[in-house]
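1. Here is a sequence together with a model predicted from it:
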Amino acid sequence: MLRWKGALETMKDPSTQIYFHPLSLEHDTGYGHPERADRVRAVRQRLQSSGLEGLDWLTPRIATSASIATNHDVDYIASVAKMAGKGGGQLDLDTSLSKQSYRAALASAGSGIQAVNAVLKGEAKNAFSITRPPGHHALASMAMGFCLFNNIAIAARYAIAGHGLKRVFIFDWDVHHGNGTQDSFYDDPSVFFCSIHQSPLYPGTGSSAETGHGPGEGYTLNLPVPAGTGGDVYQRLMVEKVVPALHAFEPEIILISAGFDAHERDPLAGVLLTDGDFAMMTRLVLEAADRLCDGKVVALLEGGYDLQGLAGGSEQMVRALGAWGRQ
Ligand SMILES: [Zn+2]
(Lines give C-alpha, C1' and ligand atoms only; values in the text may rest on other atoms or scores of the structure.)
Protein backbone atom coordinates (compact mmCIF):
# COMPACT_ATOMS: atom_id res chain seq x y z
CA MET A 1 0.00 0.00 0.00
CA LEU A 2 2.89 2.36 0.81
CA ARG A 3 4.23 2.31 -2.71
CA TRP A 4 1.01 3.97 -3.89
CA LYS A 5 1.33 6.78 -1.41
CA GLY A 6 3.69 9.09 -3.25
CA ALA A 7 1.66 9.17 -6.42
CA LEU A 8 -1.60 9.69 -4.60
CA GLU A 9 -0.28 12.49 -2.42
CA THR A 10 0.47 14.53 -5.51
CA MET A 11 -3.23 14.50 -6.44
CA LYS A 12 -4.52 17.95 -5.57
CA ASP A 13 -8.20 17.57 -6.30
CA PRO A 14 -9.60 14.17 -5.30
CA SER A 15 -11.85 12.86 -8.01
CA THR A 16 -14.52 10.21 -8.36
CA GLN A 17 -12.81 6.85 -8.62
CA ILE A 18 -14.22 4.06 -10.79
CA TYR A 19 -13.02 0.54 -10.07
CA PHE A 20 -13.16 -2.15 -12.72
CA HIS A 21 -11.34 -5.49 -12.75
CA PRO A 22 -11.02 -7.60 -15.93
CA LEU A 23 -11.67 -10.71 -13.81
CA SER A 24 -15.28 -9.55 -13.53
CA LEU A 25 -15.65 -10.67 -17.15
CA GLU A 26 -14.31 -14.15 -16.39
CA HIS A 27 -17.12 -15.19 -14.02
CA ASP A 28 -19.13 -17.31 -16.47
CA THR A 29 -22.67 -18.02 -15.28
CA GLY A 30 -23.69 -19.97 -18.37
CA TYR A 31 -25.68 -19.30 -21.51
CA GLY A 32 -28.79 -17.17 -21.07
CA HIS A 33 -28.12 -16.24 -17.43
CA PRO A 34 -29.29 -12.69 -16.64
CA GLU A 35 -26.24 -11.99 -14.42
CA ARG A 36 -23.77 -11.97 -17.29
CA ALA A 37 -20.46 -10.36 -18.19
CA ASP A 38 -22.14 -8.08 -20.73
CA ARG A 39 -23.59 -6.18 -17.77
CA VAL A 40 -20.27 -4.79 -16.60
CA ARG A 41 -19.11 -4.33 -20.19
CA ALA A 42 -22.18 -2.13 -20.75
CA VAL A 43 -21.50 -0.04 -17.63
CA ARG A 44 -17.82 0.41 -18.46
CA GLN A 45 -18.52 1.28 -22.08
CA ARG A 46 -21.20 3.82 -21.17
CA LEU A 47 -19.07 5.55 -18.56
CA GLN A 48 -16.11 5.70 -20.93
CA SER A 49 -18.09 7.01 -23.90
CA SER A 50 -20.36 9.47 -22.11
CA GLY A 51 -17.87 12.34 -22.00
CA LEU A 52 -17.78 12.37 -18.21
CA GLU A 53 -14.75 14.27 -16.96
CA GLY A 54 -12.77 13.89 -13.78
CA LEU A 55 -13.19 10.14 -13.38
CA ASP A 56 -10.19 8.23 -12.13
CA TRP A 57 -10.25 4.62 -13.41
CA LEU A 58 -8.47 2.02 -11.31
CA THR A 59 -7.94 -1.74 -11.40
CA PRO A 60 -8.41 -2.99 -7.84
CA ARG A 61 -6.18 -5.47 -6.09
CA ILE A 62 -7.96 -8.73 -5.38
CA ALA A 63 -8.97 -9.33 -1.79
CA THR A 64 -7.33 -11.95 0.39
CA SER A 65 -9.39 -14.84 1.70
CA ALA A 66 -8.73 -13.34 5.17
CA SER A 67 -10.63 -10.21 4.11
CA ILE A 68 -13.53 -12.34 2.91
CA ALA A 69 -13.44 -14.17 6.25
CA THR A 70 -14.36 -10.95 8.07
CA ASN A 71 -17.91 -11.65 6.87
CA HIS A 72 -17.95 -15.30 5.76
CA ASP A 73 -17.25 -18.69 7.27
CA VAL A 74 -13.87 -20.09 6.28
CA ASP A 75 -15.41 -23.44 5.32
CA TYR A 76 -17.76 -21.71 2.90
CA ILE A 77 -14.91 -19.67 1.37
CA ALA A 78 -12.88 -22.86 0.94
CA SER A 79 -15.82 -24.64 -0.69
CA VAL A 80 -16.21 -21.84 -3.27
CA ALA A 81 -12.46 -21.93 -4.01
CA LYS A 82 -12.53 -25.70 -4.33
CA MET A 83 -15.54 -25.83 -6.66
CA ALA A 84 -14.07 -23.13 -8.91
CA GLY A 85 -10.71 -24.91 -8.83
CA LYS A 86 -12.38 -28.00 -10.23
CA GLY A 87 -13.76 -25.97 -13.13
CA GLY A 88 -17.02 -24.73 -11.63
CA GLY A 89 -20.43 -25.94 -10.54
CA GLN A 90 -23.72 -24.90 -9.04
CA LEU A 91 -23.92 -23.27 -5.57
CA ASP A 92 -27.69 -22.89 -5.57
CA LEU A 93 -30.42 -22.97 -8.19
CA ASP A 94 -29.44 -19.66 -9.75
CA THR A 95 -25.85 -19.15 -8.57
CA SER A 96 -23.18 -20.92 -10.58
CA LEU A 97 -19.40 -20.93 -10.68
CA SER A 98 -16.87 -21.18 -13.47
CA LYS A 99 -13.15 -21.73 -13.20
CA GLN A 100 -12.32 -18.06 -12.58
CA SER A 101 -15.35 -17.27 -10.40
CA TYR A 102 -13.51 -17.46 -7.09
CA ARG A 103 -10.84 -15.04 -8.24
CA ALA A 104 -13.49 -12.80 -9.79
CA ALA A 105 -15.31 -12.74 -6.45
CA LEU A 106 -12.07 -11.86 -4.65
CA ALA A 107 -11.53 -9.02 -7.12
CA SER A 108 -15.10 -7.84 -6.63
CA ALA A 109 -14.71 -7.71 -2.85
CA GLY A 110 -11.26 -6.17 -3.25
CA SER A 111 -12.63 -3.25 -5.21
CA GLY A 112 -15.05 -2.42 -2.40
CA ILE A 113 -12.29 -2.52 0.19
CA GLN A 114 -9.98 -0.40 -1.92
CA ALA A 115 -12.69 2.16 -2.69
CA VAL A 116 -13.51 2.53 1.00
CA ASN A 117 -9.83 2.91 1.82
CA ALA A 118 -9.33 5.60 -0.84
CA VAL A 119 -12.38 7.61 0.22
CA LEU A 120 -11.57 7.38 3.94
CA LYS A 121 -8.00 8.50 3.30
CA GLY A 122 -9.18 11.43 1.19
CA GLU A 123 -7.54 10.09 -1.95
CA ALA A 124 -10.90 10.02 -3.71
CA LYS A 125 -13.90 12.32 -3.34
CA ASN A 126 -16.21 9.35 -3.73
CA ALA A 127 -16.14 6.07 -5.67
CA PHE A 128 -18.11 3.55 -7.69
CA SER A 129 -16.95 -0.06 -7.92
CA ILE A 130 -18.30 -1.99 -10.88
CA THR A 131 -18.48 -5.13 -8.76
CA ARG A 132 -19.29 -8.48 -10.39
CA PRO A 133 -20.27 -10.96 -9.08
CA PRO A 134 -22.70 -8.88 -6.99
CA GLY A 135 -22.96 -9.46 -3.25
CA HIS A 136 -25.97 -8.30 -1.25
CA HIS A 137 -27.82 -11.65 -1.10
CA ALA A 138 -24.76 -13.64 0.03
CA LEU A 139 -25.03 -14.97 3.58
CA ALA A 140 -22.11 -15.75 5.89
CA SER A 141 -22.03 -19.40 4.89
CA MET A 142 -24.14 -19.55 1.75
CA ALA A 143 -24.25 -18.18 -1.78
CA MET A 144 -27.60 -16.81 -2.87
CA GLY A 145 -29.20 -14.96 -5.77
CA PHE A 146 -26.16 -14.61 -8.08
CA CYS A 147 -24.02 -13.50 -5.09
CA LEU A 148 -20.92 -15.34 -3.81
CA PHE A 149 -19.37 -13.02 -1.22
CA ASN A 150 -21.11 -9.98 0.25
CA ASN A 151 -18.96 -7.19 -1.16
CA ILE A 152 -20.66 -4.35 0.69
CA ALA A 153 -20.68 -6.15 4.04
CA ILE A 154 -16.97 -6.89 3.62
CA ALA A 155 -16.36 -3.22 2.75
CA ALA A 156 -18.29 -2.12 5.87
CA ARG A 157 -16.31 -4.53 8.05
CA TYR A 158 -13.10 -3.14 6.58
CA ALA A 159 -14.19 0.45 7.35
CA ILE A 160 -14.72 -0.57 10.97
CA ALA A 161 -11.76 -2.91 11.52
CA GLY A 162 -9.30 -1.20 9.17
CA HIS A 163 -10.11 2.43 9.89
CA GLY A 164 -11.73 2.34 13.30
CA LEU A 165 -15.07 3.71 12.15
CA LYS A 166 -17.94 3.42 14.60
CA ARG A 167 -20.89 4.13 12.32
CA VAL A 168 -21.31 2.91 8.72
CA PHE A 169 -24.58 3.45 6.82
CA ILE A 170 -25.51 1.05 4.02
CA PHE A 171 -28.26 2.23 1.69
CA ASP A 172 -29.47 -0.51 -0.65
CA TRP A 173 -31.59 0.67 -3.60
CA ASP A 174 -31.38 -2.59 -5.55
CA VAL A 175 -34.94 -3.68 -6.33
CA HIS A 176 -34.41 -6.87 -4.32
CA HIS A 177 -34.03 -6.86 -0.56
CA GLY A 178 -30.39 -7.13 0.51
CA ASN A 179 -31.06 -10.02 2.87
CA GLY A 180 -27.42 -11.03 3.18
CA THR A 181 -26.31 -7.57 4.21
CA GLN A 182 -29.18 -7.21 6.65
CA ASP A 183 -28.34 -10.57 8.16
CA SER A 184 -24.67 -9.62 8.61
CA PHE A 185 -25.50 -6.61 10.75
CA TYR A 186 -28.94 -7.40 12.17
CA ASP A 187 -27.75 -7.24 15.78
CA ASP A 188 -24.97 -4.73 15.17
CA PRO A 189 -25.61 -1.03 15.96
CA SER A 190 -22.41 0.07 14.20
CA VAL A 191 -23.88 -0.61 10.75
CA PHE A 192 -27.24 0.87 9.79
CA PHE A 193 -28.91 -1.04 6.96
CA CYS A 194 -31.62 0.73 4.94
CA SER A 195 -33.30 -0.76 1.88
CA ILE A 196 -35.96 0.30 -0.60
CA HIS A 197 -37.09 -2.77 -2.51
CA GLN A 198 -40.05 -4.30 -4.33
CA SER A 199 -42.28 -6.58 -2.29
CA PRO A 200 -43.39 -9.23 -2.87
CA LEU A 201 -40.27 -10.29 -4.77
CA TYR A 202 -37.18 -12.46 -4.34
CA PRO A 203 -35.83 -13.19 -1.73
CA GLY A 204 -39.03 -12.57 0.27
CA THR A 205 -37.42 -10.83 3.25
CA GLY A 206 -37.38 -7.13 4.10
CA SER A 207 -40.74 -6.37 5.67
CA SER A 208 -41.00 -3.08 7.52
CA ALA A 209 -41.32 -5.13 10.73
CA GLU A 210 -37.68 -6.26 10.38
CA THR A 211 -35.94 -3.50 12.34
CA GLY A 212 -32.93 -5.21 13.91
CA HIS A 213 -32.33 -7.39 16.94
CA GLY A 214 -30.81 -6.95 20.39
CA PRO A 215 -28.31 -4.10 20.35
CA GLY A 216 -29.07 -3.72 16.63
CA GLU A 217 -32.75 -2.97 17.24
CA GLY A 218 -33.64 0.21 15.35
CA TYR A 219 -30.61 0.03 13.04
CA THR A 220 -32.40 -1.71 10.16
CA LEU A 221 -34.94 0.23 8.08
CA ASN A 222 -36.87 -1.60 5.37
CA LEU A 223 -39.04 0.33 2.93
CA PRO A 224 -40.86 -2.21 0.75
CA VAL A 225 -42.79 -0.89 -2.28
CA PRO A 226 -45.21 -2.68 -4.62
CA ALA A 227 -44.59 -3.37 -8.31
CA GLY A 228 -45.54 -0.34 -10.37
CA THR A 229 -43.96 2.15 -7.94
CA GLY A 230 -42.33 5.12 -9.67
CA GLY A 231 -39.75 7.78 -8.94
CA ASP A 232 -42.21 10.12 -7.19
CA VAL A 233 -42.70 7.58 -4.39
CA TYR A 234 -38.97 6.88 -4.21
CA GLN A 235 -38.29 10.60 -3.89
CA ARG A 236 -40.81 10.88 -1.08
CA LEU A 237 -39.28 7.89 0.72
CA MET A 238 -35.83 9.40 0.32
CA VAL A 239 -36.89 12.76 1.76
CA GLU A 240 -39.18 11.44 4.49
CA LYS A 241 -37.38 8.25 5.57
CA VAL A 242 -33.87 7.68 4.21
CA VAL A 243 -32.43 11.18 4.68
CA PRO A 244 -33.82 11.53 8.23
CA ALA A 245 -32.36 8.09 9.07
CA LEU A 246 -28.99 9.27 7.77
CA HIS A 247 -29.13 12.41 9.90
CA ALA A 248 -30.20 10.51 13.01
CA PHE A 249 -27.42 7.92 12.64
CA GLU A 250 -24.63 10.37 11.74
CA PRO A 251 -22.53 7.90 9.72
CA GLU A 252 -18.82 8.35 9.07
CA ILE A 253 -19.21 6.89 5.57
CA ILE A 254 -22.21 5.96 3.42
CA LEU A 255 -22.08 2.83 1.26
CA ILE A 256 -24.63 2.32 -1.51
CA SER A 257 -25.69 -1.10 -2.76
CA ALA A 258 -26.31 0.29 -6.21
CA GLY A 259 -28.43 -2.13 -8.17
CA PHE A 260 -30.20 -0.81 -11.24
CA ASP A 261 -32.94 -3.42 -11.46
CA ALA A 262 -35.53 -0.96 -10.11
CA HIS A 263 -35.24 0.59 -13.59
CA GLU A 264 -38.46 0.53 -15.60
CA ARG A 265 -36.74 -1.49 -18.34
CA ASP A 266 -35.57 -4.29 -16.03
CA PRO A 267 -36.92 -7.75 -16.91
CA LEU A 268 -36.71 -9.19 -13.37
CA ALA A 269 -38.85 -6.68 -11.46
CA GLY A 270 -41.72 -4.24 -11.80
CA VAL A 271 -40.54 -0.93 -10.30
CA LEU A 272 -40.60 2.01 -12.72
CA LEU A 273 -37.57 4.19 -12.07
CA THR A 274 -35.99 6.16 -14.92
CA ASP A 275 -32.31 6.95 -15.42
CA GLY A 276 -32.84 10.34 -13.76
CA ASP A 277 -34.31 8.83 -10.60
CA PHE A 278 -30.90 7.30 -9.83
CA ALA A 279 -29.35 10.78 -10.08
CA MET A 280 -32.05 12.07 -7.71
CA MET A 281 -31.30 9.40 -5.10
CA THR A 282 -27.55 9.91 -5.48
CA ARG A 283 -27.84 13.68 -4.99
CA LEU A 284 -29.95 13.29 -1.87
CA VAL A 285 -27.40 10.87 -0.40
CA LEU A 286 -24.53 13.20 -1.34
CA GLU A 287 -26.26 16.19 0.20
CA ALA A 288 -26.61 14.34 3.49
CA ALA A 289 -23.07 12.97 3.22
CA ASP A 290 -21.69 16.47 2.78
CA ARG A 291 -23.23 17.55 6.06
CA LEU A 292 -22.52 14.37 7.97
CA CYS A 293 -19.27 12.81 6.76
CA ASP A 294 -17.42 15.17 4.45
CA GLY A 295 -19.12 13.67 1.41
CA LYS A 296 -17.72 10.17 1.88
CA VAL A 297 -19.79 7.89 -0.34
CA VAL A 298 -18.86 4.58 -1.98
CA ALA A 299 -21.27 2.83 -4.36
CA LEU A 300 -20.96 -0.85 -5.26
CA LEU A 301 -22.78 -2.37 -8.20
CA GLU A 302 -25.39 -5.00 -7.33
CA GLY A 303 -28.11 -6.05 -9.83
CA GLY A 304 -29.51 -4.58 -13.05
CA TYR A 305 -30.36 -6.90 -15.92
CA ASP A 306 -31.43 -4.67 -18.81
CA LEU A 307 -28.20 -3.45 -20.35
CA GLN A 308 -29.61 -0.08 -21.40
CA GLY A 309 -31.29 0.57 -18.05
CA LEU A 310 -28.21 -0.57 -16.17
CA ALA A 311 -25.89 1.65 -18.22
CA GLY A 312 -28.26 4.62 -18.11
CA GLY A 313 -28.81 4.44 -14.38
CA SER A 314 -25.10 3.98 -13.70
CA GLU A 315 -24.23 6.97 -15.87
CA GLN A 316 -26.71 9.20 -14.04
CA MET A 317 -25.39 8.07 -10.65
CA VAL A 318 -21.78 8.65 -11.69
CA ARG A 319 -22.64 12.04 -13.20
CA ALA A 320 -24.09 13.05 -9.84
CA LEU A 321 -21.05 11.67 -7.97
CA GLY A 322 -18.65 13.45 -10.30
CA ALA A 323 -20.46 16.77 -10.38
CA TRP A 324 -20.91 16.95 -6.63
CA GLY A 325 -18.88 19.65 -4.96
CA ARG A 326 -18.35 21.71 -8.11
CA GLN A 327 -20.23 25.02 -7.93
ZN1 LIG B 1 -31.46 -7.08 -7.53
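-> Cool, the structure landed. Residues are numbered from 1 along each chain as shown.

2. gap between residue 17 and residue 141?
-> Here the distance between residue 17 and residue 141 works out to 32 Å (Cβ to Cβ, to the nearest Å). The way it works is simple: take the backbone N, C-alpha and C, and place the C-beta from them, glycine included.

3. Up against the ion, what does the stretch 51-200 of the chain have?
-> 174, 176 (Cβ under 5 Å from the ion).

4. Repeat the analysis, applying 8 Å as the threshold.
-> 134, 136, 137, 145, 174, 175, 176 (Cβ under 8 Å from the ion).

5. At which residues are the strands of the stretch 101-250 of the chain located?
-> Here the stretch 101-250 of the chain has its strands, by DSSP state E, counting those that start in this stretch, at 124-129, 168-172, 191-198, 220-225.

6. Dump these to JSON lines, plus mean neighbour count.
-> Output for the strands of the stretch 101-250 of the chain, formatted as JSON lines (neighbours: other Cβ atoms under 10 Å):
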{"stretch": "strand 124-129", "mean neighbour count": "27"}
{"stretch": "strand 168-172", "mean neighbour count": "27"}
{"stretch": "strand 191-198", "mean neighbour count": "26"}
{"stretch": "strand 220-225", "mean neighbour count": "20"}
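
7. Let's have those strands in TSV, adding mean pLDDT.
-> Shown next, in TSV, are the strands of the stretch 101-250 of the chain (pLDDT from 0 to 100):
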stretch	mean pLDDT
strand 124-129	97
strand 168-172	99
strand 191-198	99
strand 220-225	99
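
8. Using CSV, lay out those strands together with distance to residue 100.
-> Formatted as CSV, the strands of the stretch 101-250 of the chain follow (distance: least, Cβ to Cβ, whole Å):
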stretch, distance to residue 100
strand 124-129, 18
strand 168-172, 27
strand 191-198, 30
strand 220-225, 34
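
9. before we move on, which element is the residue in the stretch 201-327 of the chain positioned nearest to the ion in?
-> Nearest to the ion in the stretch 201-327 of the chain, going by Cβ to the ion, is residue 303, at a distance of 2.8 Å. Using DSSP states H and E, residue 303 sits in no helix or strand.

10. ditto for residue 281
-> helix 275-293.

11. for the stretch 51-200 of the chain, which spans come out with low pLDDT?
-> Scanning the stretch 51-200 of the chain for pLDDT under 70 picks out nothing.

12. Now do the helices in it.
-> For the stretch 51-200 of the chain, helices defined by DSSP state H, counting those that start in this stretch occupy the ranges 65-68, 74-85, 101-120, 151-163, 179-184.

13. most tightly surrounded among these?
-> Of the helices of the stretch 51-200 of the chain, the one with the most neighbours on average (mean count of other Cβ atoms under 10 Å) is helix 101-120, at a mean of 27.

14. Show me what it is packed up against.
-> If you count contacts as 3 or more Cβ pairs under 8 Å, 6 or more residues apart in numbering; DSSP states H and E, helix 101-120 packs onto strand 15-19, helix 65-68, helix 74-85, strand 124-129, helix 151-163, strand 253-258, strand 297-301.

15. where's the closest residue to residue 95 other than its chain neighbours relative to residue 295, distance?
-> Leaving aside its sequence neighbours, residue 95 sits nearest to residue 143 (Cβ to Cβ, 6 or more residues apart in numbering; 4.6 Å). Counting by Cβ to Cβ, the separation of residue 143 from residue 295 is 34 Å.

16. Then residue 24?
-> Per Cβ to Cβ, residue 24 is found 27 Å from residue 295.

17. and what of residue 212?
-> 27 Å.
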